[in-house]
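Asks: build me a structure from this.
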Amino acid sequence: MPKRYKLTLAYDGSAFYGWQKQEPPGEEPLRTVQGELEQVLVRLLGTPKDQLHLMGASRTDSGVHALGQAAMFDAETSIPIEKMALAINARLPNDMEVRKAELAPPGFDVIGDVKNKQYLYRIYNAEKRPLWARNAVYHCFSSELDVLAMNDAAQRLIGTHDIEGFAAAGHGRESTVRTIFDCMAFVDPTHPDEVHITVQGSGFLYNSVRIIAGTLIEVGRGRFKPAQIDQILATADRTLAGPTLPPQGLCLEWVSYG
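Replies: Numbering: from 1, shown residues only. A predicted model of the protein is given here:
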């Protein structure tokens, strides 16, 4: 009888076309996190590819990183659960890792059961280039950011709102109402040149966190007042929000089911 397994994954998204498997007709498959993990599981478990249904909690975009992506699959295997992560990692490429493998409860849904997830957006705010961190931060060198104003704006996002004003066109979701449990902007105490934005929510629309970060950075530059957030939430007008920041500064930190 197959059992359901839950994995917690970390990956450097720099060389991936996102989480979701992409196999364009007549072309070579694109390199994705789901695709790489699926290939390993097929070899490790001996499960035919068309019978392995691997699902992830968040469809991170090309270039986006993860410390705590969640995934699930069903399988029959003699591999002990305490050896599962080690067995998978021995076969994975060096830009991804299974941090934890566990048996999931019956009926567990890696997408539908999500209660909360947190994203981090890292902004490098200095003139010199972030050479060694260039694939993990957004470089903002034009001005010193007003982090207190950014945090004032961030706090205004907390609550249940229509967040369509912070979504890319063609997001494809019927409901655009989401709950933001927490949102902060602060200077990283261990890297004073970095401003971090963390956003916790029940779910997000396409590019929402990158647009939120782009809007907060405009506040930090003095181009928007913190009250701009209130207007965007009230009107759901994307044109009032800031730019969509690049993917490399974004990381999925964790997904919570409790």
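Asks: wait, what's in contact with the closest residue in space to residue 81 that isn't next to it in sequence?
Replies: Distances taken as Cβ to Cβ, 6 or more residues apart in numbering put residue 103 closest to residue 81, at 5.7 Å, once the chain neighbours are dropped. All C-beta spots, glycine's among them, are computed from the backbone N, C-alpha and C. Counting by Cβ atoms under 8 Å, 6 or more residues apart in numbering, residue 103 makes contact with 3, 4, 5, 6, 81.
Asks: out of those residues, which sit inside strands?
Replies: 3, 4, 5, 6 (DSSP state E).
Asks: only whichever of those residues are buried, select them in PyMOL.
Replies: Only the buried members of the ones in strands among the contacts of residue 103 enter the following PyMOL selection, criterion being 16 or more other Cβ atoms under 10 Å:
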select buried, resi 4+5+6
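Asks: from the ones in strands among the contacts of residue 103, which is closest to residue 221?
Replies: For the ones in strands among the contacts of residue 103, the residue nearest residue 221 by Cβ to Cβ is residue 6; the value is 41.4 Å.
Asks: quick check: beta-bridge partners of that closest one?
Replies: residue 72, residue 102 (DSSP bridges).
Asks: pretty sure it is touching residue 104, no?
Replies: Yes - the criterion here is Cβ atoms under 8 Å, and residue 6 meets it with residue 104 at 4.2 Å.
Asks: so what sits against both of the two?
Replies: Common neighbours of residue 6 and residue 104 (Cβ under 8 Å, 6+ apart) are 72, 110.
Asks: can I get the ones in strands among the contacts of residue 103 in JSON lines with distance to residue 57 and pLDDT?
Replies: JSON lines is the format used below for those (distance: Cβ to Cβ, whole Å; pLDDT from 0 to 100):
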{"residue": "3", "distance to residue 57": "19", "pLDDT": "93"}
{"residue": "4", "distance to residue 57": "14", "pLDDT": "96"}
{"residue": "5", "distance to residue 57": "14", "pLDDT": "97"}
{"residue": "6", "distance to residue 57": "10", "pLDDT": "98"}
